[in-house]
Each structure stands twice: as C-alpha cells, then as structure tokens.
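Enquirer: Just a sequence and a predicted model for now, questions to come.
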Amino acid sequence: MTAQILDGKATAKEIRDEIADEVRRWVDRGGAKPCLTAVLVGDDPASQVYVRNKHRACEQVGIAGKVERLPADATESQLLDLIGRLNADPTVHGILVQLPLPQRTDQAGDESAAIDTRRLLDAIDPAKDVDAFSPVNVGLISQERPRFLPCTPHGVIRLLARYRLPTAGRRVVVVGRSDIVGKPIAMMLAAKNGVCGPDYANATVTLAHSRSADLAEITRQADLLVAAVGRPEMIRGDWIKPGAVVIDVGINRVGDRLVGDVAFEEAAEVAAAITPVPGGVGPLTIAMLLKNTVAAASGS
C-alpha cells in the first residue's frame, strides 16, 4: 500500500474539541446552550444507532441533544405538527429528521400512504435546518452565501484542508448526484471562495453518475475523485489516475463487512491519498452537524 490514509476519525476529534471550546465560550458569555433535536420515526436499528451516536457527540461538546420519537405508523400530519412545534420552540436551535423514514403502504397496498420526505424537510425552518436540506439553504449555497453547509461535503473539504490537499485548479470528478452529497460538493468545490479559503475551492468539476458513458475513463482524469454513488466497491483501482486523491463517501454492508464505493486495497496502490471506510468521511459528517448547530444557536 502506497497511499496516505486520510484519518477522518482523528480529524473529527480535533474539530469536536474546537467546537467544545466554542460552546463553552458562548455559554460563558451568557448564550443559550445549543440544542439539537432529532426526529426518529419507528424502530429501525440502523437509524437508532445513528441517532444515538449523534446524541453522544452532542454531549461530548456541550450541546443539548434531544430525540422526539414517533411510532412507525405516525402520519404525515403528525410529523408536520411536531416539526411546527419544534420550529416555534426558541430553545431548539437545530432540527433533523432521521432518514430514511419507514416505508409503508395502506391495507390495499397503495403506496400513496407513504410519507412525503421532501415535504417534511421543506417544513423545517431554514434557520434550524442544520442538515442544510432546505431549498432555501441549497439556493444560498449555489450563490456562495451559505447559512449552513451540508454536513458530509463540508466534512470532506475540512479534511482536505487539514491534510493540505488543495483543489484550486485541479480536475475533480464527483461520482454520484444525490442532493445530500454529490450535487452540493460539486457546487462547493467549484465555488470561488470555499469555507477553507480559495485554495480549497476553484476546482474544475465534473459531476458523473452510474449512468455516465465511459465512467471509468472519466474518473481516470481526476486529480481528486469523490465517490458517492452508493454501490459497494464500484470504483476499481484501474479507474484511478496514479497520484490522485480519493475520497470515499460510500458506506455499504457486504456480508459482515463495511465497505465503501471504492475497492480500497486496489485504489490504495494507485492513489496518493485515500479515505478508509469506516473511519474516513463518516465521523466528519457528525462533527459538521454539531458545528451547524452551534452556528444556529449563536446566529453566526
């Protein structure tokens, strides 16, 4: 293995320590303790683990972490009412709806009984939308005047900055066009002034996806390759330009293993630097969620 391993877990720890200091100073000056409230519908084990991890991370930095639990058969109206109450509660600074929501149909098998996830996310007050999913916040990102930055893309850029891997003038290929990762990170890397300065923006970005023709040929052109397509080990070693930086956002369970969207062992023989799965991007996502919550509480 020749690639440098980009340790997201260690970087997230450094950022959480900085956030804890920021929270302490804010509260010492008389500011309200930041509060993040998660909405958890049903009893999906993976969702419960994610919410528990977020709650633990809140405690570690001095943020009040709360969970509003609703049964799996909660109606869309009940969820909207809850979000409305949280929007109106001045002690709640950040709101997130844990996804995915339970899939369900009515007794006749009608899928219209399913909850409209987008409608729920749109109902969150943009000033409390610490996941940065609101169309208002996405629009602000596109105009380079963000209120909040989406957590996973923000974490990726912070990781690049910590390891001094600039993107300015580089060819970046993002594989995956989701609203959560692919599209926002493409916008952020193509911006003139990034959250970590112009050296970590100003890239020439190609947004590719699983249906792109000659995808392997596209990825071989990347100085920085961001894999966020949601397919286990889809990106092979011979898809990677020698000396490229590889950021693997994917997390997929294959048997008893967790793997990314990149075939790690193959890629590590070609790339200059690479994130592992687990221990790469994942811990940074939660750290950036905490950062957004503190920003929401302090109005910064």
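Expert: Alright, I've got the coordinates.
Enquirer: ok, for the residue nearest the centre of the chain, nearest residue in space, not its chain neighbours?
Expert: The residue lying closest to the centre of the chain (CA atoms, centre = their mean) is Thr152, at 2.4 Å. The spatially closest residue to Thr152, leaving aside those adjacent along the chain, is Thr285, at 4.7 Å (CB to CB, 6 or more residues apart in numbering). Every C-beta, even on glycine, is put in place using the N, C-alpha and C of the backbone.
Enquirer: From Ile218, how far out is the one you found?
Expert: Distance, Thr285 to Ile218, by CB to CB, to the nearest Å: 26 Å.
Enquirer: More neighbours: those two, which one.
Expert: Set Thr285 next to Ile218 and count neighbours by other CB atoms under 10 Å: Thr285 wins out with 23 against 16.
Enquirer: Does anything pack onto the helix or strand hosting Val173? Which helices or strands?
Expert: Element membership of Val173, judged by DSSP states H and E, is strand 171-175. Here strand 171-175 touches helix 182-190, strand 204-208, helix 215-219, strand 224-227, going by 3 or more CB pairs under 8 Å, 6 or more residues apart in numbering; DSSP states H and E.
Enquirer: Domain-wise, how is the chain divided?
Expert: 32-127, 150-282 (automatic domain parsing).
Enquirer: quick one: which of those domains is nearest Gln4?
Expert: domain 150-282 (4.2 Å; CB to CB).
Enquirer: In terms of helix, strand or coil, where does Ala38 fall?
Expert: strand (DSSP: H, G, I helix; E, B strand; the rest coil).
Enquirer: What degree of burial does it show, as a neighbour count?
Expert: Applying other CB under 10 Å, I find that Ala38 has 22 neighbouring residues.
Enquirer: Pro150 too?
Expert: Count around Pro150 with other CB under 10 Å applied: 27.
Enquirer: wait, doesn't Ala244 sit right on Ala268?
Expert: No. With contact defined as CB atoms under 8 Å, Ala244 does not reach Ala268; the gap is 11.5 Å.
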